[in-house]
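Participant: How does the following fold in three dimensions:
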Amino acid sequence: MEVNIRVLDRRELPGFRPYLLPETAAALERQDPAVAALGAVTGRSSCGAVAVRQRPDGMMDVTDLFVDAAVRRQGVGGQLLDALLQWVDTPGLGGLAADFVLREDELTAMEGLLASRGFYPAGTRSQVFAVPSSQLHVDQRLGHCFTPGYRTPPGVVPLAEAPEAALTELEETEDLPDYLRWSRLREKILPDLSVVLLREGRAEAYLLAGENELDGYILRAAASRRGAPPTAFLSLLKELLNRCYY
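Facilitator: Below is the predicted model of the structure:
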């Protein structure tokens, strides 16, 4: 398939919006110098895009990589990534990092594409939503997590203190996808910060968190097993917020 790759600017943005995150499109619209994007065109139609955002330290994060369903598995994603790698291989620019929150076959395909272009390990950083904790201090449900009067919800413990038997049972269960298993993410998380909800010795839900490069915390995975109470995530989030804050 013949594909043309072009640098995107605000004039070409309308034809490529379906392949960009809203925040990426908004950054291109206002000509943010930290954001750049490439678009793929086959014939007269746009069919995909890739975008990066430069960090203050010069490193760049791949924030977008999307190909139209009609032309997938025909090398378009690879051509976009190759063009991006060639573009960033210039003096004065730092390295390139990529991480994506995808599911099942899509995750496998993205990991394979990144690995084929020298990304290893795939997924060293993920930033889906960034929220300053100060915005949560006035929230009715979460605000008390930032006060000395906060108390840990019943059954919630840090991953580092979870019984070995509960972690073994959790690892052997089949009701969690591989990409959410704590053992797969153990190199990216902090056991003292990550939290687990236990009931009768069984780990029913957890939030796995670690540090990011910007002196903040990042939620790596959230999992709830069959039979977990509907309030599980709220209880875990309260404990996680308190631990991050203090």
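Participant: Next SSE downstream of the least confident helix or strand in the chain by mean pLDDT?
Facilitator: Ranking every helix and strand in the chain by mean pLDDT, DSSP states H and E puts helix 104-116 at the bottom, with a mean of 64. Counting by DSSP states H and E, the next helix or strand C-terminal to helix 104-116 is strand 156-158.
Participant: How far off centre is that next one?
Facilitator: Distance of strand 156-158 from its chain centroid, counting by C-alpha atoms, centre = their mean, to the nearest Å, is 23 Å.
Participant: list the helices and strands that strand packs on?
Facilitator: Secondary-structure packing of strand 156-158 (3 or more C-beta pairs under 8 Å, 6 or more residues apart in numbering; DSSP states H and E): strand 195-199, helix 232-245. All C-beta atoms are positioned from the backbone trio N, CA, C, and that covers glycine.
Participant: winner for burial among the ones you listed?
Facilitator: Of all the helices and strands packed on strand 156-158, strand 195-199 carries the top mean neighbour count, a mean of 23, counting by mean count of other C-beta atoms under 10 Å.
Participant: Could I get the buried residue list for the helix or strand that it is followed by?
Facilitator: Next helix or strand after strand 195-199 toward the C-terminus (DSSP H and E): strand 202-211. Buried residues in strand 202-211, counted by 16 or more other C-beta atoms under 10 Å: Arg202, Ala203, Glu204, Ala205, Tyr206, Leu207, Leu208, Ala209, Gly210.
Participant: hmm, who's touching strand 202-211?
Facilitator: 159, 162, 166-167, 169-170, 182, 185, 188-190, 193-198, 217-225, 227-229, 232-233, 236-237, 240, 244 (C-beta atoms under 8 Å, 6 or more residues apart in numbering).
Participant: now the angle between strand 195-199 and that strand, please.
Facilitator: When axes from the mean of the first three to the mean of the last three C-alpha atoms, to 10 degrees is applied, the directions of strand 202-211 and strand 195-199 differ by 170 degrees.
Participant: Partner strands of strand 202-211, with direction?
Facilitator: Applying DSSP bridges, strand 202-211 is found paired with strand 195-199 (antiparallel), strand 217-224 (antiparallel).
Participant: For it, C-alpha coordinates in PDB please.
Facilitator: Provided in PDB are the C-alpha atoms of strand 202-211 (Å, rounded to 0.1, in the frame of the first residue of the first chain):
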ATOM      1  CA  ARG A 202      -9.000 -13.200  49.400                       C
ATOM      2  CA  ALA A 203      -7.800 -10.200  47.400                       C
ATOM      3  CA  GLU A 204     -10.900  -8.900  45.700                       C
ATOM      4  CA  ALA A 205      -9.700  -5.700  44.100                       C
ATOM      5  CA  TYR A 206      -6.500  -3.500  43.900                       C
ATOM      6  CA  LEU A 207      -5.000  -0.300  42.600                       C
ATOM      7  CA  LEU A 208      -1.400  -0.500  41.600                       C
ATOM      8  CA  ALA A 209       0.500   2.700  41.700                       C
ATOM      9  CA  GLY A 210       4.100   4.000  41.200                       C
ATOM     10  CA  GLU A 211       6.100   7.200  40.700                       C
END
